Every structure is written in C-alpha cells, then in structure tokens.
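In: 3D model of this:
(one chain, ligands or ions: 2)
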Amino acid sequence: MPKVLVSDPIDQAGIDILSQVAQVDVNTGLSAEQLVKIIPDYDALMIRSGTQVTKEIIEAGNSLKIIGRAGVGVDNVDVPAATRKGIVVVNSPEGNTIAAAEHAIAMMLSMSRHIPEANASVKAGKWERNRFIGVEVYKKTLGIVGLGKIGSHLAAAAKAMGMKLLAYDPFISTERAEQLGCRLVELELLMRESDYITLHIPKTPETLHLINAEVLSKMKPTARIINCARGGIIDEAALAEAIKEGKIAGAAIDVYEHEPLEADSPLRNVGQNIVLTPHLGASTAEAQVNVAIDVAEQIRDVLLGLPARSAVNIPGIFPDSIEKLKPYLQLAETLGNLVSQLAGGRVDYLNVQLQGELANNQSQPVVVAALKGLLSQALRERVNYVNASIEAKERGIRVVETRDASIRDYTGSLHLSAKGTLGEHTVTGAVLGESEIRITSVDDFPVNVSPTHHMLFTLHRDMPGIIGKIGSQLGSFNVNIASMQVGRKIVRGDAVMVLSLDDPLPEGILAEILKVPGIRDAYTVNL
Ligand SMILES: NC(=O)c1ccc[n+]([C@@H]2O[C@H](COP(=O)([O-])OP(=O)(O)OC[C@H]3O[C@@H](n4cnc5c(N)ncnc54)[C@H](O)[C@@H]3O)[C@@H](O)[C@H]2O)c1
Ligand SMILES: O=C(O)CC[C@@H](O)C(=O)O
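Out: Ligands and ions are numbered 1, 2, ... in the order given. Now for the predicted structure:
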C-alpha cells in the first residue's frame, strides 16, 4: 500500500479519501531536518502553507510521486526541483477563493469600525462608545490590485456594498474589468484615488515589495491598505513607518514576509491602526473541506496511475499521444511565454498556427500549452494545462487556431502571433531531433536560436557598428553575452538581434540601449 505523509493540519474529509488507497500518516510541525529524514518512506506529501518543501526535502523523496498543496499558492514548494525529479505538484486553485475574499472584506470592515480594539475594550470591562467612531465604506473607493479569482469575487461584494471600484492588473483587459464594475487604471492612480486598497496578486520577483515606501507615499492620509495575498508584496518596515507617521490611516495584514511573524517585527509596534491576523485567509470550515477534498482526490488518482486535474508543473489530462507531442508542448509553452513578453502584458489576441507534420496532430494540447506559456507571466504556477483556456477566455483573449501542412521548413513547426500593449508580434519555433527547441523567426525575421533564461531582442537598422555598441552597453552593465544572432531579410534594411545572456538585465539598461542610433525597439525576455 502506498504511504502518504500529511505534514500540515488538513480536514478529515481529505484524510478519509486518501485512506481508501493509502496508509496515511498525519505528522504536523516537523522540522526541515525531520522531514528530510522521513520523506524517503513516502509516495505522496500533502501540505498547506506551513510546510516549506525545499529542494533538500524533494531530493530526499526518492519514492515521492506527488506533492499536494491544499490551497492556491505553491510558493512554499520548490516546484522546479519537483519537476526535475518528476514529481507532480498539484494545488486547489479555487477551493478557498471565497474564504480569502471574505477575509479581505472582514479586514476592511474591522479596520473601519475599530472592531478589534472595541472588542478588547469591552472585555476589559470598559464602555468607550466615543473612542470608537468609525467610517463607512459606502461610496468610498476601493482599489483592487490583482483582478483574478479572489479580486473578482471581492469586486462583486464591494460593489453590492456601494463602493466605487478601481483595479490595477496589467494582464486583464479593460472589457473584463468593466464587466466586473471596475475602472482599470495604473497602480499610481489607484494608490492616489483609493480610500481602501486590497492586494490579490501572486508573490513573484516582480511583485516583491511592489508596495514600498514610495508607492505608499502616494496614498491619501485617510486611506487604508489590506494584504490577504502574500507576505513580501508590501515592504513591512515602510508600512509600519507610514502608519506611525500618520501618512496613511491604517492597514490590515494577514500574510507576512516571514511566517510566523517574528516577535520583533515592526508591524507589532504600530498600535491600534493596524489589524493583524495569522494567515487566516483560507481558514474557513468550508474552504478547508474544499481544498482537502480537491487535493486528496488528486493524490488518490495519481497513486492509482490516473492523471491529476490541477497539476501545476506537468500536463495531467492528455492521453498516451502525450509522449509524441511532449517536445511540441514545451515549444508551444516557450513560444507563448516569449510572444507575451514581446507583445506586452495585456494580450487580447493569439493566433497559433501548426505547420508541417505538426498540422496533422491533435491541436488542442498545443494551443493549451501556448496559452499556458502566454499566461505564465501573469499567473505563474496558477496556470496549468487544465485552466489555461478558461483563464484566457476570462481575460478576453481571442484565440485563433490555424494549420498549414504545406510549410515544410522543419518537420513540424509552430507559429504564434499575439497582439498586446506593445503591438503585434510573431514568433516561430521548431523541434530539432528528439527534443531540441529552436526559435526560428521573430517578427518574421529568420533566426536560429535556442531559448535561454535571459534574453534581449532588438529591432534595428542593419548598419555597421550597431552590434558592437549593444555589446559595449551590456558590458558596461556587467552583463555577459552567451550568444548573439542577427536575422535580416535584406542587407541594410531592418533586422532583429537576439542575444542570450548569462545574467538578468539590470533596470535602466533598456533605456540606454534604445538611445543607440539605429535601434528601433528593444525587449527583455525571461523564459
Ligand atoms: N491569505 C490566504 O490565506 C490566501 C488564500 C488564498 C489565496 N491567497 C493568495 O491570494 C493571491 C490571489 O489569489 P487568486 O486565486 O485570486 O489568484 P489569481 O491567479 O486568480 O489572480 C491573480 C491576479 O493577479 C494578477 N497579477 C499578476 N501579476 C500582477 C502584477 N504584477 N500586478 C498586478 N496584478 C498582477 C493576475 O493577472 C491575476 O489576475 C495569491 O497570492 C494567493 O496565493 C491567499
Ligand atoms: O493553507 C492555508 O491556510 C493558506 C492557504 C492560502 O494562502 C493559499 O495560498 O491557498
């Protein structure tokens, strides 16, 4: 019988499902060292947000087939390490959406009506009615940062309470925001005009300290901020300072850069204008049953050799033909990710053309893989092969699929074009040999490059000296070039330059590159 380790408190409904097919050991509060020691005995690991599933734990898990996260965020799992080891990571993308949205509302109202302090005061034997005069949320402006599942649910509830809604989400169309009753604006305007600001975005390198001292300084002195998304999105020291100095009226925080919150955290000393909860966003009876069942069913299925429906790292639903299509799925995902970065965040149209031999294959998985790549900048691990199409539809992305078996430059190739905030861009790629992926054209300029983690693309005039100038610019920022290629259609016409870099491009370098005479456009891409 397979063995499942449950290392965080999980609702009994999930344990009951797992017990049908496995021996289930519930062992919570283990240290990382203890987990490394016992994990080799287990086929599956089920967690909430408490257990940090590090690379060391994954590497020690020689029998592990699946890690199940009873919740949305898998930022406490080293997903790349799990993928490399062939371990499926599953989550429950929707099981606690309502709970988290309702917690944000509870936090907003608690702050507005001083409920935590009033409660403490009455329990201390006092009756201080004049001390706790609150404010109404009716007709106030709520700024929602991140209009995904939780942000959308919250928008509907806040609208019903008579609030005016602003939203900032670079990956959502204006039409979608309008359907939800929100005016889509830039972050700065949202910070300036909102009476309440609530965060519902993932924690990514881009969102780390997105709300820092400078951004907080844009808020009205009467405004309040809520974070029920992820710790680290707000700079905690800057937040504590802003409240203490009266630059903003208050905050309500559920999630922290380090959990449990440290004893000496500056947030603990802010006084009564901050409401703190210990990561309770998903802690409702209903959400805990939902996520436990959702994830336990997937663990059971994988242990029985069946696919998982919400795998965040590998496709879970396709039949046996997956083996043959696998390199093309990887190609589609890479090209989707690439074209979304060239086209800018808010893509509203994607054309996927299957060419050559690929045109004779089942197209749906390839289109889904392209969408997964396209949405990966916005949704990170939240997007998977199961939800990519629905997510794209909800974002108003029009998807067109075409085939052309007569294009035979490679055995099979894939051509994507996408239109976004930076205009329309196209990329083509092919699979060489068994599984080698190549980018074979960019904006219809022929190239032949392997995708790498950090890349720079330029559109420029083909003229002497331009390559050297870009090289020197990168050198002056201490960025090492791994390879470089130029694609052009005619001599001294327009050309595309593709550089693979050893290092990420530092901020500010694009502006310098764009100053080089002859450079028309430049894009950084991280794959
Ligand atoms: N406190 C809790 O217990 C709790 C419970 C559930 C979820 N969460 C967290 O809440 C967050 C939102 O969850 P969700 O289910 O709504 O996710 P979601 O993926 O449905 O929505 C996230 C939204 O953020 C947008 N986004 C991505 N990067 C952005 C950026 N840089 N700026 C602005 N918007 C950006 C995306 O376009 C997307 O619409 C996640 O961080 C999740 O882990 C916390
Ligand atoms: O496990 C929890 O209670 C937190 C879950 C929540 O943060 C999530 O990302 O789903």
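
In: test my guess that Val431 contacts Ile439.
Out: No - judged on C-beta atoms under 8 Å, Val431 makes no contact with Ile439 at a distance of 11.6 Å. Backbone N, C-alpha and C define where each C-beta goes, glycine included.

In: which neighbours do those two share?
Out: Counting by C-beta atoms under 8 Å, 6 or more residues apart in numbering, Val431 and Ile439 have no common neighbour.

In: what are the buried residues along stretch 144-162?
Out: For stretch 144-162, burial by neighbour count (16 or more other C-beta atoms under 10 Å) applies to 144-155, 158.

In: hang on, Val498 in a helix?
Out: No - Val498 is assigned strand when assessed by DSSP: H, G, I helix; E, B strand; the rest coil, not a helix.

In: look at it and report its pLDDT.
Out: Per-residue confidence for Val498 comes out at a pLDDT of 94.

In: residue contacts, it?
Out: By C-beta under 8 Å, 6+ apart, the neighbours of Val498 are 439, 442, 447, 449, 455-457, 484-487.

In: surely Ser152 and Leu180 touch.
Out: Yes - taking C-beta under 8 Å as the definition, Ser152 is a contact partner of Leu180 at 5.5 Å.

In: neighbouring contacts of the helix or strand containing Leu166?
Out: Leu166 is part of strand 164-168 when elements are defined by DSSP states H and E. Under the criterion C-beta under 8 Å, 6+ apart, residues 139-147, 151, 155, 158-159, 177, 180-187, 189-190, 193-194 lie in contact with strand 164-168.

In: by mean pLDDT, which helix or strand of the chain comes out lowest?
Out: Least confident helix or strand of the chain, by mean pLDDT, DSSP states H and E, is helix 79-84 with a mean of 80.

In: beyond it, next helix or strand please.
Out: strand 88-90.

In: now that following strand, how far from the centre of its chain.
Out: 16 Å (C-alpha atoms, centre = their mean, to the nearest Å).

In: check which element follows that strand along the chain.
Out: helix 97-112.

In: and the residue of the stretch 51-200 of the chain nearest ligand 1?
Out: Taking C-beta to the nearest ligand atom, ligand 1 has its nearest neighbour within the stretch 51-200 of the chain at Gly148, 1.7 Å off.

In: that residue reaches Leu379, doesn't it?
Out: Yes - between Gly148 and Leu379 there is a contact at 7.4 Å, judged by C-beta under 8 Å.

In: how about the residues of the stretch 251-400 of the chain near ligand 1?
Out: 254-255, 279, 281-282, 378-379, 382 (C-beta under 6 Å from any ligand atom).

In: do that again at 5 Å, thanks
Out: Residues of the stretch 251-400 of the chain lying close to ligand 1 by C-beta under 5 Å from any ligand atom are 254, 281-282, 378-379, 382.

In: buried only: go through those for me.
Out: 254, 281-282, 378-379, 382.

In: quick revisit: quick check: the farthest pair among the residues of the stretch 251-400 of the chain next to ligand 1?
Out: Asp254 and Ala378 (22.5 Å; C-beta to C-beta).

In: okay, strands next: where are they in the stretch 301-450 of the chain?
Out: Assigned by DSSP state E, counting those that start in this stretch, the stretch 301-450 of the chain shows strands spanning 349-356, 398-404, 412-420, 423-432, 436-442, 445-449.

In: helices and strands around the third one, which ones?
Out: I take that to be strand 412-420. helix 322-343, strand 349-356, helix 364-379, strand 423-432 (3 or more C-beta pairs under 8 Å, 6 or more residues apart in numbering; DSSP states H and E).

In: how about the first one?
Out: In terms of contacts (3+ C-beta pairs under 8 Å, 6+ apart), strand 349-356 is packed against helix 322-343, helix 364-379, strand 398-404, strand 412-420.

In: recalculate using a threshold of 7 Å.
Out: Taking 3 or more C-beta pairs under 7 Å, 6 or more residues apart in numbering; DSSP states H and E as contact, the helices and strands that strand 349-356 lies on are helix 364-379, strand 398-404, strand 412-420.

In: tabulate the strands of the stretch 301-450 of the chain (a markdown table), appending distance to His103, mean neighbour count and mean pLDDT.
Out: Output for those, formatted as a markdown table (distance: least, C-beta to C-beta, whole Å; neighbours: other C-beta atoms under 10 Å; pLDDT from 0 to 100):
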| stretch | distance to His103 | mean neighbour count | mean pLDDT |
| --- | --- | --- | --- |
| strand 349-356 | 35 | 21 | 95 |
| strand 398-404 | 34 | 14 | 94 |
| strand 412-420 | 33 | 24 | 95 |
| strand 423-432 | 40 | 20 | 95 |
| strand 436-442 | 42 | 19 | 95 |
| strand 445-449 | 46 | 17 | 94 |
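
In: need those in a markdown table with distance to ligand 2, can you?
Out: Output for these, formatted as a markdown table (distance: least, C-beta to the nearest ligand atom, whole Å):
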| stretch | distance to ligand 2 |
| --- | --- |
| strand 349-356 | 28 |
| strand 398-404 | 28 |
| strand 412-420 | 28 |
| strand 423-432 | 33 |
| strand 436-442 | 32 |
| strand 445-449 | 37 |
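
In: select, out of those strands, the one closest to Ala332.
Out: strand 412-420 (5.8 Å).

In: list the contacts of the closest one.
Out: With C-beta atoms under 7 Å, 6 or more residues apart in numbering as the test, strand 412-420 has contacts from 328, 331-332, 335-336, 339-340, 343-358, 366, 370, 374, 407, 424-431, 440.

In: quickly find the element holding the residue of the chain most remote from its centre.
Out: Most distant residue from the mean C-alpha position of the chain: Gly125, 46.9 Å away (C-alpha atoms, centre = their mean). Of the helices and strands defined by DSSP H and E, none includes Gly125.

In: contact partners for the residue lying closest to Ser435 once chain neighbours are set aside?
Out: Of all residues beyond its chain neighbours, the one nearest Ser435 is Pro327 (4.3 Å), with distances taken as C-beta to C-beta, 6 or more residues apart in numbering. Applying C-beta under 7 Å, 6+ apart to Pro327 gives the contacts 431, 434-435, 437.
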